[in-house]
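Asker: my questions concern the predicted model and sequence given below.
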Protein chains: 2
Amino acid sequence: MSSQSTVPPRRTRIQQEKRELILEAALEVFSTHGFRGSTIDQIADAAGMSKPNLLYYFRRKEDIYETLMERLLKTWLAPLRELDDSGDPIAEIRGYIRRKLEMARDFPRESRLFANEILQGAPRIMPLLEGELKELVDEKAEIIKGWMRAGKIVKTDPWHLIFSIWATTQHYADFDVQVRAVLGPDRGAEGRFEDAARFLENLFIHGLAPHKD
Amino acid sequence: MSSQSTVPPRRTRIQQEKRELILEAALEVFSTHGFRGSTIDQIADAAGMSKPNLLYYFRRKEDIYETLMERLLKTWLAPLRELDDSGDPIAEIRGYIRRKLEMARDFPRESRLFANEILQGAPRIMPLLEGELKELVDEKAEIIKGWMRAGKIVKTDPWHLIFSIWATTQHYADFDVQVRAVLGPDRGAEGRFEDAARFLENLFIHGLAPHKD
DNA sequence: CTAACGTTTGTCCAATCGGTCAAAAATTGC
DNA sequence: GCAATTTTTGACCGATTGGACAAACGTTAG
């Protein structure tokens, strides 16, 4: 009785290494030019191999993109998964913001690739958005609602809260060139990250902490 | 003595109408497929004319894109320009958020086109970001700083405040498909907008209002 | 050493792309 | 109505694209 999920085909050592090399190169290329804007030649160049050689490891351009997308989504949702029902609400949300911001800093190409896909209407990952993603968000929204009912944080819409955390943190990856252009060269990447972390923490914590009146 | 700025060439009535038709079609196509992902044929189809005919009005594909970008930037910055030094700080910021959110609702294609350009490194509008945009943001940041010094709003980083307003509002245009996928079909576009407006208002006003202790 | 298998390359192809051009058709000014 | 001008079209072109393929090359197990 075979498992329902697709079994990854057996691969040689060289195949594993080269596939990894190609995916790394493809991430670089796809994330800056989008799917249609990227060519197999560009990816092959970036990976240091010829086009037919690349096509030996991935038969179609789409296969590379899809493999990349599958991996991406797993790591992308990890920070939200960690949001813990039993933790302190304010600390949990602060932690989530920080983890999300760290991902924007450490994996900007993944963020841009994802943004590109969504911008174009998510033609390849729509089922995942309506399935896995929606389920996860609904589940966490319920947790946040519990915190609100308990008076731990101010009553507001948990879905839009999650959206606003996504938006503000990913902004520093997706709109990086704009952020840099506006802030000027004075403050380096590290400083920008610290400033952003401090600002977002203040905004969300003050915006969510229960206020007397 | 001629003016420094480029004088728009004289055009016939048909030229004005057809150029407008093309730009409208191009906005639709470019905003969903990006520059490289869009073809002249697609735009010509959407505009209801043949490719050579389209090329009679715009000699190159880039010309269409650049014309679109120029117009876009003007309307895009309008909401921030309206931020008024002499107004009530909280009301001014609330008004800015609302105007920005209304733009995301009413001009989602423009928002996505802009996002696409920035995502790919802003190759065609970088000078504008470092020039006009930076100047405007710096000027408004100074106003916000004044409000902070006067104790009207909590002391925080005005640049990152502006970024976070951009990020949260534009999110509803750029990531619309994701928002819809997560929220489900229950709540229509109008309801989503109202919820988002109420949430963001709460977040930013509570997050920025001076708090005692 | 050698046969089997895995890897790499050069060459080629059909489709699509942005763009040209000359001629036909429509419009306009007189 | 007619000539000048503007607009539209079909045919075409060179470049680029994703991908196929067979032959050459490397590697490995017996």
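Answerer: Perfect, I can see it now. Just so it is clear, the model here is predicted, and its values are computed rather than measured.

Asker: which parts of chain A are helices?
Answerer: A:13-37, A:40-47, A:51-57, A:61-81, A:89-106, A:108-119, A:126-128, A:134-149, A:158-174, A:176-183, A:189-208 (DSSP state H).

Asker: how about CSV for the ones you listed, with distance to B:Ala122, mean pLDDT and mean neighbour count added?
Answerer: Every C-beta, even on glycine, is put in place using the N, C-alpha and C of the backbone. Formatted as CSV, the helices of chain A follow (distance: least, C-beta to C-beta, whole Å; pLDDT from 0 to 100; neighbours: other C-beta atoms under 10 Å in any protein chain shown):
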stretch, distance to B:Ala122, mean pLDDT, mean neighbour count
helix A:13-37, 11, 92, 18
helix A:40-47, 20, 97, 18
helix A:51-57, 29, 97, 15
helix A:61-81, 23, 95, 16
helix A:89-106, 18, 96, 18
helix A:108-119, 12, 97, 23
helix A:126-128, 28, 95, 14
helix A:134-149, 31, 97, 16
helix A:158-174, 12, 98, 24
helix A:176-183, 5, 97, 20
helix A:189-208, 17, 91, 18
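
Asker: check the gap between the residue lying closest to A:Asp157 once chain neighbours are set aside and B:Thr168 for me.
Answerer: Nearest residue to A:Asp157 in three dimensions, chain neighbours excluded: B:Phe199, at 4.9 Å (C-beta to C-beta, 6 or more residues apart in numbering or on different chains). Distance of B:Phe199 to B:Thr168, given as C-beta to C-beta, to the nearest Å: 9 Å.

Asker: quick check: neighbours shared by the two?
Answerer: Common contacts of B:Phe199 and B:Thr168 (C-beta atoms under 8 Å, 6 or more residues apart in numbering or on different chains): A:Ser164.

Asker: what does chain A put close to DNA strand D?
Answerer: For chain A, the contact set with DNA strand D under C-beta under 7 Å from any atom of the strand comprises A:38-41, A:51-52, A:55, A:59-62.

Asker: wait, which of those residues is closest to B:Ile97?
Answerer: Taking C-beta to C-beta as the measure, B:Ile97 lies nearest A:Ser38 of these, at 36.0 Å.

Asker: hmm, who's touching stretch A:39-50?
Answerer: Contacts to stretch A:39-50, defined as C-beta under 8 Å, 6+ apart, come from residues A:18, A:21-22, A:24-26, A:28-30, A:33, A:51, A:53-55, A:61, A:64.

Asker: so of these, which two are at opposite extremes in space?
Answerer: The distance between the two most remote of the contacts of stretch A:39-50 (C-beta to C-beta) is 22.0 Å, for A:Lys18 and A:His33.

Asker: picking up where we left off before, export the helices of chain A as TSV, with columns for distance to DNA strand C.
Answerer: Formatted as TSV, the helices of chain A follow (distance: least, C-beta to the nearest atom of the strand, whole Å):
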stretch	distance to DNA strand C
helix A:13-37	3
helix A:40-47	9
helix A:51-57	3
helix A:61-81	13
helix A:89-106	30
helix A:108-119	18
helix A:126-128	22
helix A:134-149	33
helix A:158-174	25
helix A:176-183	24
helix A:189-208	35
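
Asker: show me the domain layout of chain A.
Answerer: Listed by automatic domain parsing, the domain ranges of chain A are A:11-59, A:69-208.

Asker: which one of the ones you listed lies closest to B:Ile143?
Answerer: B:Ile143 lies closest, by C-beta to C-beta, to one member of the domains of chain A: domain A:69-208, at 15.4 Å.

Asker: please name the nearest non-neighbouring residue to the residue nearest the centre of chain A.
Answerer: Nearest to the geometric centre of chain A sits A:Trp76, at 3.9 Å (C-alpha atoms, centre = their mean). The spatially closest residue to A:Trp76, leaving aside those adjacent along the chain, is A:Phe114, at 6.3 Å (C-beta to C-beta, 6+ apart).
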